[in-house]
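>>> return atomic coordinates for the entry below.
(6 chains)
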Protein chains: 4
Amino acid sequence: MQPVPRGPRGQGWMSKVSARPGETVAGPEGQDSEKRRQILDGAREVFRAKGYEGAAMDAIAKAAGVSKGTLYVYFTNKDELFEELITDEKRELAAALDAFEPTEGSFRDNLRAFAISFNELLTGENHMSSIRMVVGAVEKFPAVGAMFFRAGAERGTTRLTEAFARAIEDGRLKPCDPAVAAQHFIALCTSEVMKKSLFGCGLRPTPEGVERIVDNGLDVFMAYYGRT
Amino acid sequence: MQPVPRGPRGQGWMSKVSARPGETVAGPEGQDSEKRRQILDGAREVFRAKGYEGAAMDAIAKAAGVSKGTLYVYFTNKDELFEELITDEKRELAAALDAFEPTEGSFRDNLRAFAISFNELLTGENHMSSIRMVVGAVEKFPAVGAMFFRAGAERGTTRLTEAFARAIEDGRLKPCDPAVAAQHFIALCTSEVMKKSLFGCGLRPTPEGVERIVDNGLDVFMAYYGRT
Amino acid sequence: MQPVPRGPRGQGWMSKVSARPGETVAGPEGQDSEKRRQILDGAREVFRAKGYEGAAMDAIAKAAGVSKGTLYVYFTNKDELFEELITDEKRELAAALDAFEPTEGSFRDNLRAFAISFNELLTGENHMSSIRMVVGAVEKFPAVGAMFFRAGAERGTTRLTEAFARAIEDGRLKPCDPAVAAQHFIALCTSEVMKKSLFGCGLRPTPEGVERIVDNGLDVFMAYYGRT
Amino acid sequence: MQPVPRGPRGQGWMSKVSARPGETVAGPEGQDSEKRRQILDGAREVFRAKGYEGAAMDAIAKAAGVSKGTLYVYFTNKDELFEELITDEKRELAAALDAFEPTEGSFRDNLRAFAISFNELLTGENHMSSIRMVVGAVEKFPAVGAMFFRAGAERGTTRLTEAFARAIEDGRLKPCDPAVAAQHFIALCTSEVMKKSLFGCGLRPTPEGVERIVDNGLDVFMAYYGRT
DNA sequence: GATGAATGAGGGTTCATTCAT
DNA sequence: TATGAATGAACCCTCATTCAT
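Below is the predicted model:
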């Protein structure tokens, strides 16, 4: 997709994003100490497995390999730990999304590669656990849900929208609302896999299964949006 | 869509389902006493609002208007109460899905009406709370997630698949895999709204918003699947 | 003091007070169950020994012979338990004060008996513990301090003031402000003992010691307030 | 009161006391470094406000402007810090008491001035906080209570006793036990104000209020102890 | 059958104390 | 010497569950 390296930026359709805008956080020595990361890792593990309410600070401390007291040196309380963790996850998700690079090949080939990568990202068991953890906590942490959505689904759509806008200019897509096209593309290529994963229903699809789904979706997508 | 009652089943494209296949339950006097229902209603309210872990049996008893002890007369423990509740929810969801009836009008009009109804069902705040509750508990109750998925998304797809199969026979859709078509249809018309609701992101879409989304989706769908 | 049983009330200089005005309290079956009392007794013991902050709910539960959970069935939290306890203590203190009855004998004899009883009441180790417990908590529970003061010192002074007012009418005391006289009387006869007890300084005075202190105080008091 | 510097001691009725008899302490560089004082000041502030149990070492460190670790360089543990603080307070109290100087004027005028000053000292909010702090901790630190009592009430009484003994010699007071007279004097002039302050009951008395109390007390005192 | 009092394990959090730097 | 990160015991409180009535 968009192999035309127009402009001096010399990059395809997505640019790296500089994560870590630097938040003020509790805890000693700056904001990103070894211990802090250690705790976040333990917390991620337990929160993913048990959800917000089900996760015990005791279990988190154990998983992180620190004492319970140390948890409270770095994070004010359970809520803050959870929110920081989500922020962290969100950052990783955004970074992963931004890492996609266009490959050599046709427009459809590029879309295909993106869709497959996106599916893999979304359905990775780690990521699904995070999503379930967030969804399960939306009622208590509404802001967290919105934040995560924006970092994930929305960000992916936005990146795609930009790419589609350029593709329309280039005549690779027929004139249309690129945002709607992006949503349709993602819906056709990912929603089936997403839904099943969300409910923990069935195993992860095989690579071949994903490819088939993506190809089917692309057929429908290109039938409408492709340049006749 | 397909108002022709062809064949011996004599109904349109969806038949009512007889809910309540009758499970064995712990409660007294059969399986569905007044009290039992009362408890399930209270439990639904609290589980939806707080999730599985966040819901206290105390709060459920209060919401149900019974004593805490009575809870344990009808349900072995919290887990069972939760599972029974999901079973119950699932039943209602299935019943609602089965209640869709074809209207007079074109094939596209029928699809449109179905999509709009489906969207409304999915994004009703009650239903979204249930979904979030289930998703949040998938890690602890894997079976519950699968059950819910089958009763909801999958059941909807299945109904649609049947209808599409007939539509292909009728020549209203071009020859294709009706199951894939059903997935694409649902993806195009519902996934955007679903995703946002799932993350509690933004208000519910307006009726006009839903119509626009459905119309956009139908355009894409019909461009590929429609009879030339 | 005031042996003249004037009026139909037929009682001496103090009337019984009806304690227990009936407060609304948490806990099952009314407000004065067996368990409730049991808990208050345990709490009294521990709070007296350790003060508010030093008392652990665990220790209170143990002292009361109930489980920790039961504490919270009867009292909302530690604060409320403490306050209810003080209210309770206050009630007992007031009742004890009101129980003093005039004896046969001279005015001075009656005063003497009252002072001795009062000293005993004040310096009983139980009561001193309560006072220390209250004083130590004044900074956190200002209302509790005031309440206790009114139930104790102030109530004693008030009763005495009434009696002195009648004594002035009767000509048993020279004309003066009876409230000031009451304060002076109590100061002369009790403050020395009080102060020492408050600081846990030295053993309790012997009965003879108390008598000597009271007699000394009475000499001074009568020299000024006595009828010529 | 007795401005006549009769006798070899050559002072009025009270002599300055040399505070700081020099105890062995844990801290570095002697016993009274800057840091040590800084810590004691922070500790005083927090202990007064929260009592022994309620005071957190963390809060003390913050109030003192040192790190928590430093606390343990100068004091073995919380108990010792508390005890040292009381010792310190006691010293200041004694010094304040010893600072009273007889003024020109009649015996009664001198007594009056002393009583007023004494009241002010006792009821200063700082001092009352200290007293409450000590009283609240008597059960855990019996020695501390006694120490404080001796430094305060008893020391005041002793000084007065000495003065009264001389006054009796001088014929300014009638022959009596000067110690009992001292107790009576203090009781009459200070106990009312003391009691109320102890229980945090009501505002501090106005200067006029104190004067009235003192005058009333003096009337009674002089009626008995004064030279006809 | 229905109740609600009672339980005790376990929840999140605080805090006096230690120790490597 | 002075620090502050780290600890774990103990704090107050909640909650799923039981049981006598």
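
>>> does the helix or strand containing A:E192 reach chain B?
According to DSSP states H and E, A:E192 maps onto helix A:178-198. Yes - residues of helix A:178-198 are located near chain B by C-beta under 8 Å from any C-beta of the partner chain, namely A:180, A:183-184, A:186-188, A:191-192, A:194-196, A:198. Heads up, the C-betas are built off the backbone N, CA and C, glycines and all.

>>> all helices of chain A, in order?
A:34-54, A:57-64, A:68-74, A:78-98, A:107-123, A:125-137, A:142-149, A:155-170, A:178-198, A:207-225 (DSSP state H).

>>> in a markdown table: those helices, plus mean neighbour count, distance to B:A95 and mean pLDDT.
Output for these, formatted as a markdown table (neighbours: other C-beta atoms under 10 Å in any protein chain shown; distance: least, C-beta to C-beta, whole Å; pLDDT from 0 to 100):
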| stretch | mean neighbour count | distance to B:A95 | mean pLDDT |
| --- | --- | --- | --- |
| helix A:34-54 | 20 | 29 | 94 |
| helix A:57-64 | 19 | 40 | 96 |
| helix A:68-74 | 16 | 47 | 95 |
| helix A:78-98 | 19 | 36 | 88 |
| helix A:107-123 | 20 | 31 | 89 |
| helix A:125-137 | 23 | 25 | 90 |
| helix A:142-149 | 20 | 29 | 90 |
| helix A:155-170 | 20 | 34 | 91 |
| helix A:178-198 | 23 | 21 | 93 |
| helix A:207-225 | 18 | 30 | 96 |
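
>>> out of these, nearest to C:F47?
Closest to C:F47 of the helices of chain A, according to C-beta to C-beta: helix A:68-74, at 28.2 Å.

>>> helices or strands next to that closest one in the packing?
helix A:34-54, helix A:57-64 (3 or more C-beta pairs under 8 Å, 6 or more residues apart in numbering or on different chains; DSSP states H and E).

>>> contact residues of chain A facing DNA strand E?
Selection of chain A residues close to DNA strand E by C-beta under 7 Å from any atom of the strand yields A:55-59, A:68-69, A:71-72, A:77-79.

>>> restrict the residues you listed to contacts with DNA strand F.
Okay, of the residues of chain A next to DNA strand E touching DNA strand F (C-beta under 7 Å from any atom of the strand), that's A:68-69, A:72.

>>> the inter-axis angle of the helix holding A:E192 versus helix A:207-225?
Helix A:178-198 and helix A:207-225 are oriented at 150 degrees to each other (axes from the mean of the first three to the mean of the last three C-alpha atoms, to 10 degrees).

>>> I'd say A:V138 and B:K196 touch.
No - A:V138 is beyond contact range of B:K196, at 11.4 Å (criterion: C-beta atoms under 8 Å).

>>> how is chain A carved up into domains?
A:16-76, A:88-225 (automatic domain parsing).

>>> go through those and name the closest to C:A95.
domain A:16-76 (47.0 Å).

>>> OK, now which residue of chain A is nearest to chain B?
A:G136 (2.0 Å; C-beta to the nearest C-beta).

>>> grab the nearest non-local neighbour of that residue.
B:G136 (2.0 Å; C-beta to C-beta, 6 or more residues apart in numbering or on different chains).

>>> swap in A:A223?
Nearest to A:A223 is B:Y224, by C-beta to C-beta, 6+ apart, at 4.1 Å.

>>> please save the CA atoms from the helix holding A:E192 in PDB.
The C-alpha coordinates for helix A:178-198 follow below in PDB (Å, rounded to 0.1, in the frame of the first residue of the first chain):
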ATOM      1  CA  PRO A 178     -11.700   6.900   4.100                       C
ATOM      2  CA  ALA A 179     -12.800   6.600   7.800                       C
ATOM      3  CA  VAL A 180     -15.800   4.500   6.900                       C
ATOM      4  CA  ALA A 181     -13.600   2.400   4.600                       C
ATOM      5  CA  ALA A 182     -11.200   1.900   7.400                       C
ATOM      6  CA  GLN A 183     -13.900   0.700   9.700                       C
ATOM      7  CA  HIS A 184     -15.300  -1.600   7.100                       C
ATOM      8  CA  PHE A 185     -11.900  -3.000   6.400                       C
ATOM      9  CA  ILE A 186     -11.200  -3.800  10.000                       C
ATOM     10  CA  ALA A 187     -14.600  -5.100  10.600                       C
ATOM     11  CA  LEU A 188     -14.400  -7.500   7.600                       C
ATOM     12  CA  CYS A 189     -11.000  -8.700   8.400                       C
ATOM     13  CA  THR A 190     -10.800  -8.900  12.200                       C
ATOM     14  CA  SER A 191     -14.200  -8.900  13.900                       C
ATOM     15  CA  GLU A 192     -14.900 -12.500  13.600                       C
ATOM     16  CA  VAL A 193     -11.600 -13.500  15.200                       C
ATOM     17  CA  MET A 194     -11.900 -10.800  17.800                       C
ATOM     18  CA  LYS A 195     -15.400 -11.800  19.000                       C
ATOM     19  CA  LYS A 196     -14.400 -15.400  19.500                       C
ATOM     20  CA  SER A 197     -11.300 -14.500  21.300                       C
ATOM     21  CA  LEU A 198     -13.100 -12.000  23.500                       C
END
